[in-house]
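In: 3D model of this:
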Amino acid sequence: MWTGEAEQEIDMTRRAAGRRPILSVDARGYSRGDSRRQSEYQQGLVDLMTISAEAAGLRRNDWDRQKAGDGELAILPPDEPENALIDDFCRILSENVADYNEDRIEDARLRLRLAVHNGVVQPAANGYAGAGVVVVSRLVNADPARAVQDALPRAGLVVIVSNRVFVDTVAQGHTVTRPSRFRKFTVQVKEYRDDAWLYVPGFDLRDLILPEVPPHDEGPVRTPPQAGRSTNVPSSSVVNTFQGEVTAGVIGVQENHYG
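Out: The predicted structure is shown next:
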């Protein structure tokens, strides 16, 4: 039998549901480390996220955070600016990760995937629920994002931006980061399917070669991705194998036609 107190708590939860900026970050290779290395990863992740957010002028102390050892789900205040997340926070976080990794051996370096979305969330008994949380979780674990990390071992941060955020904020010119710096791909996991966008600060993804695959019913070809080039390193040639749309199993990468 429901009590009046329980009913009041449900009403408060319903009123708390709303559209919020959402971040999900994941550290690559966490499970391969021993206890000491995992503790270092956790501390490094928390410190880098906090320092970078504060440097970008974001209110890190007002973020609702759900910790997960090798990652974090963060629900931001509704007025936290998306353009500052894309431009300042991602750039500063990438620079801080590079500084963190500079004097560390390969196995001790942090390599992050960061998903950025804006969706409906609702407080729940063990954190947050809602479609927005599902979407950002799909994005941060998307196969193309992991493939980019494979192809660009020097990249400390791979950013995955939801289609909503890209269309509303990046494509509309609200960011300094140009739309052409992003690569479009399609995510399909179970019943979820949508476009999303990859961005790696300091690297040009237009020349990145990701696995080409036959039609969906034939299964993927296990061809390792090839590295793209850093925007900080001159290149005498340009290789672009993307002509129109390339489909990769249930997850495909498409040419970006934004200027």
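
In: For the rest of this, base every contact and every neighbour count on C-alpha atoms.
Out: OK.

In: what about the residue nearest to F166 when sequence neighbours are not counted, distance to I51?
Out: Closest residue in space to F166, ignoring its immediate chain neighbours: W197 at 7.2 Å, by C-alpha to C-alpha, 6 or more residues apart in numbering. Counting by C-alpha to C-alpha, to the nearest Å, the gap between W197 and I51 amounts to 25 Å.

In: cool, R91 as well?
Out: Taken as C-alpha to C-alpha, the span from R91 to I51 is 12 Å.

In: Specify which residue of those two has the higher count of neighbours.
Out: Each of R91 and I51 has its neighbours counted (other C-alpha atoms under 10 Å); R91 has more, 19 against 15.

In: Would you agree the more buried one is in contact with P201?
Out: Yes. R91 is in contact with P201 according to C-alpha atoms under 8 Å; the separation is 6.2 Å.

In: so where do the strands sit in the stretch 51-200 of the chain?
Out: 64-67, 71-75, 112-124, 127-129, 157-162, 183-189, 192-199 (DSSP state E, counting those that start in this stretch).

In: most packed of those?
Out: Stretch with highest mean neighbour count among the strands of the stretch 51-200 of the chain: strand 157-162 (a mean of 26; mean count of other C-alpha atoms under 10 Å).

In: Helices of the stretch 101-250 of the chain, start to end?
Out: Using DSSP state H, counting those that start in this stretch, the helices found in the stretch 101-250 of the chain span residues 131-140, 143-151, 163-165.

In: Nearest to I209, out of those?
Out: I209 sits nearest to helix 143-151 of all these, at 8.5 Å, using C-alpha to C-alpha.

In: Packing partners of the closest one?
Out: Under the contact criterion of 3 or more C-alpha pairs under 8 Å, 6 or more residues apart in numbering; DSSP states H and E, helix 143-151 touches strand 157-162.

In: where in the stretch 151-259 of the chain is pLDDT low?
Out: 210-259 (pLDDT under 70).

In: okay, the longest helix anywhere in the chain in PDB with CA atoms only?
Out: Secondary structure of the chain read by DSSP state H shows that its longest helix is helix 35-55. Taking Å, rounded to 0.1, in the frame of the first residue of the first chain, the C-alpha atoms of helix 35-55 are listed here in PDB:
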ATOM      1  CA  SER A  35      44.900  -2.400  -8.300                       C
ATOM      2  CA  ARG A  36      47.500   0.300  -8.000                       C
ATOM      3  CA  ARG A  37      47.200   1.300 -11.700                       C
ATOM      4  CA  GLN A  38      43.400   1.300 -11.500                       C
ATOM      5  CA  SER A  39      43.600   3.600  -8.500                       C
ATOM      6  CA  GLU A  40      45.900   6.000 -10.400                       C
ATOM      7  CA  TYR A  41      43.500   5.900 -13.400                       C
ATOM      8  CA  GLN A  42      40.600   6.800 -11.200                       C
ATOM      9  CA  GLN A  43      42.400   9.700  -9.500                       C
ATOM     10  CA  GLY A  44      43.700  10.900 -12.800                       C
ATOM     11  CA  LEU A  45      40.300  10.800 -14.400                       C
ATOM     12  CA  VAL A  46      38.600  12.800 -11.600                       C
ATOM     13  CA  ASP A  47      41.400  15.400 -11.400                       C
ATOM     14  CA  LEU A  48      41.500  15.900 -15.100                       C
ATOM     15  CA  MET A  49      37.700  16.300 -15.400                       C
ATOM     16  CA  THR A  50      37.600  18.800 -12.500                       C
ATOM     17  CA  ILE A  51      40.600  20.900 -13.600                       C
ATOM     18  CA  SER A  52      39.400  21.000 -17.200                       C
ATOM     19  CA  ALA A  53      35.800  21.900 -16.300                       C
ATOM     20  CA  GLU A  54      36.900  24.700 -14.000                       C
ATOM     21  CA  ALA A  55      39.400  26.100 -16.600                       C
END
